[in-house]
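[1] heads up, no residue letters with this:
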């Protein structure tokens, strides 16, 4: 996830490695799996405080997924039978 917001960048860097795609399985490689419960709570609180910035950062991904879903749904044969 790309973002110019420093809070978003810092949180993402705490959870994931630069060379690991966070959408893929990074079990054992990502810091996410090594973080203590108390540190995870702090990160969670920071995410909640900055939810608007995360929404902005995720919007391009959301748009892409919605476009793919819309395309897939148009191709479904059941659509012709739905009233």
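    Arrived safely. Given the structure is predicted, the values throughout are model-derived calculations rather than measurements. Numbers count the residues shown, from 1 in each chain.
[2] could I get the buried residue list for the lengthiest helix in the chain?
    Taking DSSP state H as the criterion, the chain has its longest helix at helix 51-74. By neighbour count on 16 or more other Cβ atoms under 10 Å, the buried set for helix 51-74 is 53-54, 57. C-beta coordinates here come from the backbone N, C-alpha and C atoms, glycine included.
[3] adding distance to residue 44 and pLDDT, write these out as JSON lines.
    Listed next are the buried residues of helix 51-74 as JSON lines, based on distance: Cβ to Cβ, whole Å; pLDDT from 0 to 100:
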{"residue": "53", "distance to residue 44": "15", "pLDDT": "90"}
{"residue": "54", "distance to residue 44": "12", "pLDDT": "89"}
{"residue": "57", "distance to residue 44": "16", "pLDDT": "86"}
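[4] please produce a markdown table containing those residues, extended by distance to residue 3.
    As requested, the buried residues of helix 51-74 are arranged in a markdown table below (distance: Cβ to Cβ, whole Å):
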| residue | distance to residue 3 |
| --- | --- |
| 53 | 7 |
| 54 | 8 |
| 57 | 4 |
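[5] so, low pLDDT: which residues of the chain?
    Across the chain, the ranges flagged by pLDDT under 70 are 1-2, 17-28, 78-83.
[6] coming back round to it: closest to residue 13 among the buried residues of helix 51-74?
    residue 57 (13.1 Å; Cβ to Cβ).
[7] how far away is the closest one from residue 6?
    Using Cβ to Cβ, to the nearest Å, residue 57 is found at 12 Å from residue 6.
[8] ok so, going back, which secondary structure elements does the longest helix of the chain sit against?
    On a contact count with 3 or more Cβ pairs under 8 Å, 6 or more residues apart in numbering; DSSP states H and E, helix 51-74 meets helix 6-15.
[9] 10 Å instead, please
    If you count contacts as 3 or more Cβ pairs under 10 Å, 6 or more residues apart in numbering; DSSP states H and E, helix 51-74 packs onto helix 6-15, helix 37-49.
[10] could you check the angle that helix makes with helix 6-15?
    70 degrees (axes from the mean of the first three to the mean of the last three Cα atoms, to 10 degrees).
[11] so how far is helix 51-74 off the chain centroid?
    Chain-centre distance of helix 51-74: 10 Å, with Cα atoms, centre = their mean, to the nearest Å.
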